[in-house]
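Student: Could you work out the structure for the sequence below:
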Amino acid sequence: MKNIRIIIPFLAGILIMLVLFFSLKSCFNLGGKTEKSDYYILTNQISKMNKMVVLEQNVSSMQKTKMGYEVFGSEVSSNSIITYTKTNAQVSYDLNKMKMEVDSINKKLIITELPNADIRITPSVEIQSLDDSFFNRISEKDIKNVTQKAKDVAINSIDQNKLRNEGHQQLIENLNNIFVLAKALNYTIEDKTGKIGTLGL
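Tutor: Now for the predicted structure:
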């Protein structure tokens, strides 16, 4: 009985020492685990964004096309087509193409490559009025030509350089918001692309 009374406190002491040892060991390893978690969170946040539409512009316009029918140089009849065009222009960036490096030791998020802007202009044309005449019928070919011309005019009316510049500025602002987490973890954002500009992260 005396041996049991001596052994039980001894075993309890060993158990307490083991618990303290593993607790202290896990505390000392927190730094390494945090760095791995930082890296996972940052990269996962970007991959979930996938494609980012940073700017969208909608423009509407009307166009009247007049077609005449001449006999011996004199116009004997005319007709017209009025079209209404809605144009959607978007600037987007594929964030899967953005390349980054994470320096966990120095707490740096290094941007090595930014994706190029993808500009998409989509015009949609509706026939609002079709003034036809008996002598000069409007053919399906005429309608297609007028519709295509309206689309071409709509596309050319969009200032793509201005759209690209405004989209780039919006991209930088969005990246600032995306990297809030990195900043909260005391990471500095380093740009190696030279494309961030004065809005720096």
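Student: any low-confidence regions in the chain?
Tutor: Residues of the chain that meet the criterion pLDDT under 70 lie in 1-50, 68-78, 132-136, 197-201.
Student: those strands in it, which residues are they?
Tutor: Secondary structure of the chain, counting by DSSP state E: strands at 51-71, 74-94, 99-103, 108-113, 118-131, 188-191.
Student: Serialize the ones you listed to CSV and add fields for distance to I138 and mean neighbour count.
Tutor: Yep, even glycine has a C-beta here, placed from its N, CA and C like the rest. Output for the strands of the chain, formatted as CSV (distance: least, CB to CB, whole Å; neighbours: other CB atoms under 10 Å):
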stretch, distance to I138, mean neighbour count
strand 51-71, 7, 14
strand 74-94, 6, 17
strand 99-103, 54, 15
strand 108-113, 52, 16
strand 118-131, 6, 14
strand 188-191, 57, 16
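Student: could those be laid out in TSV, adding distance to N156?
Tutor: Written out in TSV, the entries for these read as follows (distance: least, CB to CB, whole Å):
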stretch	distance to N156
strand 51-71	11
strand 74-94	10
strand 99-103	34
strand 108-113	32
strand 118-131	10
strand 188-191	34
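Student: Out of these, the one nearest T147 is which?
Tutor: In this view, those are compared for proximity to T147 by CB to CB, and strand 118-131 is the closest at 4.8 Å.
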